[in-house]
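In: curious how this folds, go ahead:
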Amino acid sequence: MEQDDSPLRIPDSLTALVQADLEPLSLAELETRIAVLEQEIGRTRRHMERAALHRASADALFKR
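Out: The predicted structure is shown next:
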């Protein structure tokens, strides 16, 4: 199997998120943005944990 050396492709929505101009946002809007991003980080980490458990179960089943 060939190793993929291509650069990491970030979905357009993430690119837009990290390139968004923060200057026009108020402190309250920035706090809301941070809260939403922290919730998304938690959701992503929970999904990663479930994926790791699923992978470990599959590996155990097939004795990898």
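
In: tell me which residues touch Ile10, please.
Out: Counting by C-beta atoms under 8 Å, 6 or more residues apart in numbering, Ile10 touches Val18. In this view, the C-beta of every residue, glycine as well, is placed from N, C-alpha and C.

In: find me the pLDDT at it, would you?
Out: Looking at Ile10, its pLDDT reads 74.

In: any idea how far it lies from Gln19?
Out: 10 Å (C-beta to C-beta, to the nearest Å).

In: pLDDT wise, what is the residue nearest to the spatial centre of the chain at?
Out: Residue closest to the average C-alpha location in the chain (C-alpha atoms, centre = their mean): Thr44, at 5.3 Å. Per-residue confidence (pLDDT) for Thr44: 96.

In: where does it sit, in terms of helix or strand?
Out: According to DSSP states H and E, Thr44 maps onto helix 27-62.

In: low pLDDT regions in the chain?
Out: 1-4, 64 (pLDDT under 70).

In: mind doing that once more with 90?
Out: Scanning the chain for pLDDT under 90 picks out 1-11, 13, 56-64.

In: check contacts around Ala35.
Out: By C-beta under 8 Å, 6+ apart, the contact set of Ala35 is empty.

In: ok, Leu8 to Gln19 distance?
Out: Distance from Leu8 to Gln19, by C-beta to C-beta: 16 Å.

In: Ile41 too?
Out: Look at Ile41 and Gln19: by C-beta to C-beta, they are 19 Å apart.

In: more neighbours: which of those two?
Out: Ile41 (10 against 7; other C-beta atoms under 10 Å).

In: from Ile34, how far out is that one?
Out: Counting by C-beta to C-beta, the gap from Ile41 to Ile34 is 10 Å.

In: repeat that for Ser13.
Out: Relative to Ile34, Ser13 is positioned 18 Å away (C-beta to C-beta).

In: more neighbours: which of the two?
Out: It is Ile34, of Ser13 and Ile34, that has more neighbours when counted by other C-beta under 10 Å, with 10 against 7.
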